[in-house]
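Novice: Provided below for reference: sequence and predicted model.
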Amino acid sequence: MSRIRNGCALSARFLALLLPALLGLALTQPGVGAAQEQEPKQIRLTEKHIQGFMASHQDMAKLYDGANLDKPDPKIDAQAEAIVKKNGFANLAEYDEVSLNISMIMSGIDPQTKKFTEPPEQIKRDIAALKADKSVPEAQKKEDLAQLETALKSAKPVHYKENVALVLKYYDKLPALLQDQGPAD
């Protein structure tokens with residue numbers, strides 16, 4: 001399940017340090033093919049995608065709130081499929097691609113300046129910030145740095161630069177969940 005679809009609340013520290021790293025890695029769900037496990041698929045976003053995502057988001061978050069994400073639930077998946085289809089998506093896979101691409105852009109936008117930083121650069125900044133952070137226990141720091149270094153190896157710049165402008169256009173209207181995923185200061 002994508003973290004966007006299920007509406008999970010993740011800690012601010014995790015989002016600030018590791019979300020850009022995770023976006024460099026594949027976000028998978030049961031039944032997704034091996035090609036997607038290696039690299040998230042970047043797509044060209046449209047106004048229709050953004051509007052459909054915004055229309056679906058609240059219902060999807062409610063649907064997955066409290067659900068056991070470790071095992072698939074066909075009933076919940078069928079309800080999710082109906083929600084996304086009602087909002088213009090062909091299926092859950094398309095919704096997940098759109099949410100991942102929106103999240104990728106949102107994770108690189110500084111909430112104060114509204115400036116975008118490419119994922120590889122953001123991960124490098126996160127690594128530097130984590131190395132300088134004396135409040136993080138060494139064992140945790142070592143683990144987080146290993147994850148960030150791994151993510152940096154596979155991080156790719158945004159393929160469709162026009163996606164940045166489109167997400168910025170809707171930045172203030174996109175769900176607060178996504179806005180919390182901006183880069184750490």
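Specialist: Perfect, thanks for sending it.
Novice: roughly how far is stretch 84-95 from the heart of the chain?
Specialist: Averaging C-alpha positions (CA atoms, centre = their mean, to the nearest Å) puts stretch 84-95 17 Å from its chain's average.
Novice: Could you work out the end-to-end span of it for me?
Specialist: One end of stretch 84-95 to the other measures 7 Å (CA to CA, to the nearest Å).
Novice: quick one: average confidence on it?
Specialist: If you average the pLDDT over stretch 84-95, you get 97.
Novice: in that stretch, what's buried?
Specialist: 84-85, 87-89, 92-95 (16 or more other CB atoms under 10 Å). C-beta: built from backbone N, CA, C; applies to glycine.
Novice: neighbouring contacts of that stretch?
Specialist: Contacts to stretch 84-95, defined as CB atoms under 8 Å, 6 or more residues apart in numbering, come from residues 5, 32, 48, 51-53, 55-56, 60, 77, 80-81, 98.
Novice: before we move on, the earlier item: out of the buried residues of stretch 84-95, which comes closest to residue 67?
Specialist: Checking those against residue 67 by CB to CB gives residue 92 as the nearest, at 14.0 Å.
Novice: could you check the distance from the closest residue in space to residue 117 that isn't next to it in sequence over to residue 87?
Specialist: Once flanking residues are discounted, residue 117 sits nearest to residue 108: 4.8 Å by CB to CB, 6 or more residues apart in numbering. Residue 108 is 25 Å from residue 87, where distance means CB to CB, to the nearest Å.
Novice: Residue 53 too?
Specialist: Look at residue 53 and residue 87: by CB to CB, they are 8 Å apart.
Novice: so what's in contact with those two at the same time?
Specialist: Common neighbours of residue 53 and residue 87 (criterion: CB under 8 Å, 6+ apart): none identified.
Novice: pLDDT value on residue 117, please?
Specialist: Residue 117 is assigned 96 on the pLDDT scale.
Novice: close enough to count as contact, it and residue 105?
Specialist: No: counting by CB atoms under 8 Å, residue 117 sits too far from residue 105 to count as a contact (10.5 Å).
Novice: Look at those two and report which has more neighbours.
Specialist: A count of neighbours by other CB atoms under 10 Å puts residue 105 above the other of residue 117 and residue 105, at 24 against 17.
Novice: so which helix or strand takes in that one?
Specialist: Assigned by DSSP states H and E, residue 105 falls within helix 92-107.
Novice: What is the following helix or strand past that helix packed up against?
Specialist: Going down the chain from helix 92-107, the next helix or strand is helix 119-132, by DSSP H and E. Under the contact criterion of 3 or more CB pairs under 8 Å, 6 or more residues apart in numbering; DSSP states H and E, helix 119-132 touches helix 12-24, helix 92-107, helix 138-154.
Novice: For those, state which one has the densest average packing.
Specialist: Comparing those by mean neighbour count (mean count of other CB atoms under 10 Å), helix 92-107 comes out on top with a mean of 23.
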